[in-house]
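Novice: No sequence on hand, only this structure:
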């Protein structure tokens, strides 16, 4: 049951808009300000953490009944907003990444390895929607070694072009990056990333770059060799093959999250049967109301992000927009 003192009030089931957080990165640029109008800090800004309760970036609620509270605190004290979903932390993290320069070649562990070796952290399953890419741009997804020994030998010989799998990209491509996938975002790419709430990354190679301290950045080859999936088949394209049905394209689903793209043309209502939904506007502008259009009206722009809580009701959109929506794979309990 919901808390009668608060959550019977529709305001407490309204959409939750968060203040994004920004991270300076050696490979970052200024496009997060240029493309989205975000008020970013000085320097090379690589990441916008748009929806996050991770300790390395815990977003505050921007307005409404829970203004000023962090997302982690809401998860802790008002789990009913999230359909009483299980877990000791808000499970998803939504980012926009601006790669002015190449990111390191890296790989992420799965839950089991991270829990044992990274102080109980979650592993990191993620996916990328390509927002912008330079002409003839590419990224690294996958590698060509069939064993730990072969991978280590090719690294030793510096045969990166032979080892790594380069995939050409264009805006609108989509990539699923499971744990154990060697990957690297490359120069000129802007992506929306949906991932588990984890910040564990093992660097395989970093182009011999120096960090802010003037020393080469740490590599994690030993851990990488342990977690790489050598049997994984590397992709040749990020082209979306799933059909668009009534404006909706199902991009992927795994045990941690499902991701969809929606095209809004004038008016559209999207059902909300999930414990919560994370919504990002990647193109266009308009408005959204909870409760099938009866709730408060919120203006939306390119770069807007919000959470629709468990009992927000259907989301009513007006305008012309492209959305990326993520949620847990199982609908919420009907007992709520």
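Specialist: Arrived safely. Note that the structure is predicted; figures quoted are calculated from it, not measured.

Novice: Sketch out the low-pLDDT regions of the stretch 201-336 of the chain for me.
Specialist: Within the stretch 201-336 of the chain, the segments meeting pLDDT under 70 span 334-336.

Novice: so where do the strands sit in it?
Specialist: Using DSSP state E, counting those that start in this stretch, the strands assigned to the stretch 201-336 of the chain run over residues 202-205, 244-245, 248-253, 258-270, 277-289, 297-300, 305-308, 315-327.

Novice: any idea which of those strands is most buried?
Specialist: Most buried of these, by mean neighbour count (mean count of other CB atoms under 10 Å): strand 305-308, with a mean of 24. Bear in mind the C-beta positions are built from the backbone N, C-alpha and C, glycine included.

Novice: who are the neighbours of that strand, in terms of helices and strands?
Specialist: Secondary-structure packing of strand 305-308 (3 or more CB pairs under 8 Å, 6 or more residues apart in numbering; DSSP states H and E): strand 16-17, strand 45-51, strand 277-289.

Novice: Listing partners with orientation, what would you give for it?
Specialist: strand 16-17 (antiparallel), strand 277-289 (antiparallel) (DSSP bridges).

Novice: Show me the one of those strands that comes nearest residue 243.
Specialist: Closest of the strands paired with strand 305-308 to residue 243 is strand 277-289, at 19.7 Å (criterion: CB to CB).

Novice: How about residues contacting that closest one?
Specialist: With CB atoms under 8 Å, 6 or more residues apart in numbering as the test, strand 277-289 has contacts from 15, 50-51, 92, 94, 129, 131, 192, 194, 264, 295-308, 315-327.

Novice: again, but for stretch 199-216
Specialist: 26, 54, 56, 102, 104-109, 114, 118, 121-124, 155, 160, 182, 217-221, 223-224, 227.

Novice: Please narrow the residues you listed to those residing in helices.
Specialist: Secondary structure defined by DSSP state H assigns 114, 155, 160, 221, 223, 224, 227 of those to helices.

Novice: hang on, the fifth one packs against residue 108?
Specialist: No. Under the criterion of CB atoms under 8 Å, residue 223 makes no contact with residue 108, lying 10.3 Å away.

Novice: These two: who's more crowded?
Specialist: Remark: of residue 223 and residue 108, residue 108 carries more neighbours, 27 against 18, as counted by other CB atoms under 10 Å.

Novice: quick one: the more buried one from residue 164, how far?
Specialist: Separation of residue 108 from residue 164 (CB to CB, to the nearest Å): 16 Å.

Novice: End to end on stretch 65-74, go ahead and measure it.
Specialist: End-to-end span of stretch 65-74 (CA to CA, to the nearest Å): 11 Å.

Novice: Now that stretch: buried residues?
Specialist: Buried residues in stretch 65-74, counting neighbours by 16 or more other CB atoms under 10 Å, are found at 66, 70, 71, 72, 74.

Novice: these two touch, right, the last one and residue 68?
Specialist: No. With contact defined as CB under 8 Å, residue 74 and residue 68 do not form a contacting pair (10.9 Å).

Novice: which residues are in contact with both of these two?
Specialist: residue 61.

Novice: Just give me the residue closest to the centre of the protein.
Specialist: The centre of the chain sits closest to residue 194, judged by CA atoms, centre = their mean, with a distance of 2.1 Å.

Novice: hang on, the earlier thing: need the helices and strands packed on strand 305-308 in CSV (columns: distance to residue 241).
Specialist: Formatted as CSV, those follow (distance: least, CB to CB, whole Å):
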stretch, distance to residue 241
strand 16-17, 33
strand 45-51, 27
strand 277-289, 20
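
Novice: of these, which approaches residue 80 most closely?
Specialist: Among the helices and strands packed on strand 305-308, strand 16-17 sits nearest to residue 80 (CB to CB), with 13.0 Å.

Novice: returning to that earlier point: just among the ones in helices among the contacts of stretch 199-216, which is most surrounded?
Specialist: residue 224 (25 neighbours).

Novice: And the ones in helices among the contacts of stretch 199-216, which is closest to residue 98?
Specialist: The shortest approach to residue 98 among the ones in helices among the contacts of stretch 199-216 belongs to residue 160, at 23.4 Å (CB to CB).

Novice: export the strands of the stretch 201-336 of the chain to a markdown table and tack on distance to residue 62?
Specialist: A markdown table is the format used below for those (distance: least, CB to CB, whole Å):
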| stretch | distance to residue 62 |
| --- | --- |
| strand 202-205 | 34 |
| strand 244-245 | 32 |
| strand 248-253 | 27 |
| strand 258-270 | 22 |
| strand 277-289 | 14 |
| strand 297-300 | 11 |
| strand 305-308 | 9 |
| strand 315-327 | 18 |
